[in-house]
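Enquirer: Sequence and predicted structure below; questions after.
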Amino acid sequence: MIVPAPSKIVCVGRNYPAHAAELGHAVPEHPLLFLKPPSSLIGNGEPIILPQESDRVDHEAEVGVVVGRRLRHAAPSEAEAGIGAFVCLNDVTARDLQRSDGQWTRAKGFDTFCPVSAPVRDVTDWRGLEVVCRVNGQERQRGRVEDMHFAIPDLVAYISGIMTLEPGDIVATGTPAGVAPLADGDTVEVEVSGVGILTNPVMVERGR
């Protein structure tokens, strides 16, 4: 899927003002970061499993960045040069657990909760990227990178000042407005212009 495999997946919350507003939150003063475990990764065509513990699991379509070189305390220009590839990414979220737990590890960390497409390295201009989410062919989300509150190089630089980013690490840059629940039997697509389309069926967890 991603070579080398990521040591971590660093995600950014509320980076699109319209998404922050739909959840009733202000845009944060500094990037709001959380982690998803590498065990949550799946690829194109693999099923998203709705866990028994949650009554509401949402899609969150995002532009994903794959780190291409080791970054530590990078300036934005160095961070931009250190981007190795882009991916389509779905930050699948158990919304009810996110609200009840008071922190996001469980809500974001279930197995299959981070579908990612194959990486594309020859993106000529990240500033023009657009992300779209469709469920069963119906558009639910659409956002452009230029709508982000924090630009991609600034996000990568900020993260590198907190934790060393290693080659293969993934940065999920935030989701636009329109997040909504997934149901058993759905097919969810995340498309990033110039990168591709990530498609995953949705299934309810059955048995353990």
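Expert: Everything's here; your move. Numbering: from 1, shown residues only.
Enquirer: and residue 186, what does it touch?
Expert: 135, 136, 201, 202 (CB atoms under 8 Å, 6 or more residues apart in numbering). Glycine gets a C-beta too; all of them are placed from N, C-alpha and C.
Enquirer: most neighbours, which of those residues?
Expert: The most crowded member of these, judged by other CB atoms under 10 Å, is residue 202 (22 neighbours).
Enquirer: Please tell me how far the closest residue to residue 147 other than its chain neighbours sits from residue 174.
Expert: Spatial nearest neighbour of residue 147, chain neighbours left out: residue 16 (5.7 Å); criterion: CB to CB, 6 or more residues apart in numbering. Look at residue 16 and residue 174: by CB to CB, to the nearest Å, they are 6 Å apart.
Enquirer: Residue 35 now?
Expert: 15 Å.
Enquirer: When those two are compared, which one has more neighbours?
Expert: Taking neighbours as other CB under 10 Å, residue 35 and residue 174 compare with residue 174 leading, 28 against 16.
Enquirer: Which element, helix or strand, includes the more buried one?
Expert: Using DSSP states H and E, residue 174 falls within no helix or strand.
Enquirer: thought it was touching residue 19?
Expert: Yes. At 7.2 Å, residue 174 and residue 19 qualify as touching, with contact defined as CB atoms under 8 Å.
Enquirer: Now do the helices in the chain.
Expert: 17-22, 76-81, 95-101, 105-109, 152-160 (DSSP state H).
Enquirer: What would the shortest one look like as PDB? C-alpha coordinates only.
Expert: Output for helix 105-109, consisting of C-alpha atoms alone and laid out as PDB, is shown next (Å, rounded to 0.1, in the frame of the first residue of the first chain):
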ATOM      1  CA  THR A 105      -8.300   7.600  20.100                       C
ATOM      2  CA  ARG A 106     -11.100   5.000  20.100                       C
ATOM      3  CA  ALA A 107     -13.300   6.800  17.600                       C
ATOM      4  CA  LYS A 108     -10.500   7.100  15.100                       C
ATOM      5  CA  GLY A 109      -8.500   4.000  15.700                       C
END
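Enquirer: okay, now residue 95: neighbour count?
Expert: Counted with other CB under 10 Å, residues neighbouring residue 95 total 18.
Enquirer: any idea how far it is from residue 27?
Expert: Distance of residue 95 to residue 27, given as CB to CB: 19 Å.
Enquirer: Neighbours of residue 38, how many?
Expert: Residue 38, neighbours per other CB under 10 Å, totals 16.
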